[in-house]
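Trainee: pasting the sequence and the predicted coordinates here, then a few questions.
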Amino acid sequence: MTLGRRLRRTLLALVLAPLLALTGLAACGGGSSGGDAGASGPSAPRTGVRQSSGTPKARGAIREVPASSLPAEAQRTLKLIAAGGPFPYRKDGTTFGNRERRLPAEPNGYYREYTVPTPGSGDRGARRVIAGKGGERYYTQDHYRSFVRVTGG
């Protein structure tokens with residue numbers, strides 16, 4: 001196996017580990033990919049998981065997960081948001097436009113985005129926390145394709 005191939009496999013493993021962790025939460029009823037329904041179609045919210053209180057323009061149910069179930073980097077980003085910074089990335093705190101309409105519809109400027117560092121990534125990676133002005137927090141590990149709503153501190 002070449003070095004490039006090993007590196008790709010290692011990076012793939014680093015990216016898939018959080019995905020598998022959240023998928024495991026979905027199997028337990030604690031979270032899922034949120035956003036659009038997959039190939040199996042939409043599913044009803046699981047027991048104990050509430051839908052977002054947003055407008056119907058947000059596609060699909062957004063599952064809730066405790067902050068403690070997120071990757072350590074996401075938990076650190078949440079703490080930085082609560083403390084008001086300092087933020088390590090220039091784009092942290094900029095407006096998130098919700099163009100994909102996967103979050104509840106709100107006026108422009110309502111949501112702000114923050115980078116969640118991805119170990120092994122040479123750039124900002126795909127993980128983000130989106131913060132709403134009402135205090136709600138959403139996490140995406142796949143660059144806005146799906147979200148979970150974060151509960152707790």
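Mentor: Right, received. Where do you want to start? Residues are numbered from 1 along each chain as shown.

Trainee: ranges for the helices of this protein?
Mentor: Under the criterion DSSP state H, helices of the chain are mapped to 3-27, 72-83.

Trainee: worst average pLDDT in those?
Mentor: Least confident of the helices of the chain, judged by mean pLDDT, is helix 3-27 with a mean of 50.

Trainee: the strands in this protein, which residues?
Mentor: Taking DSSP state E, the strands of the chain run over residues 64-66, 94-96, 111-115, 128-132, 137-140, 148-151.

Trainee: specify the angle between the fourth one and helix 72-83 in degrees.
Mentor: If I follow you right, that is strand 128-132. Relative orientation of strand 128-132 and helix 72-83, computed by axes from the mean of the first three to the mean of the last three CA atoms, to 10 degrees: 30 degrees.

Trainee: other residues contacting strand 128-132?
Mentor: Contacts to strand 128-132, defined as CB atoms under 8 Å, 6 or more residues apart in numbering, come from residues 74, 77-78, 81, 96, 103, 106, 110-116, 137-140, 143-144, 147, 150. Any C-beta I mention is one placed from the backbone N, CA and C, and that applies to glycine too.

Trainee: partner strands of that strand and their direction?
Mentor: According to DSSP bridges, strand 128-132 forms sheet pairs with strand 111-115 (antiparallel), strand 137-140 (antiparallel).

Trainee: most packed of those strands?
Mentor: strand 137-140 (a mean of 24; mean count of other CB atoms under 10 Å).

Trainee: pLDDT on that strand, on average?
Mentor: Rounded mean pLDDT across strand 137-140 is 98.

Trainee: what's next to that strand, contact-wise?
Mentor: With CB under 8 Å, 6+ apart, strand 137-140 has contacts from 62, 65, 67, 70, 74, 78, 81, 103, 116, 126-132, 146-150.
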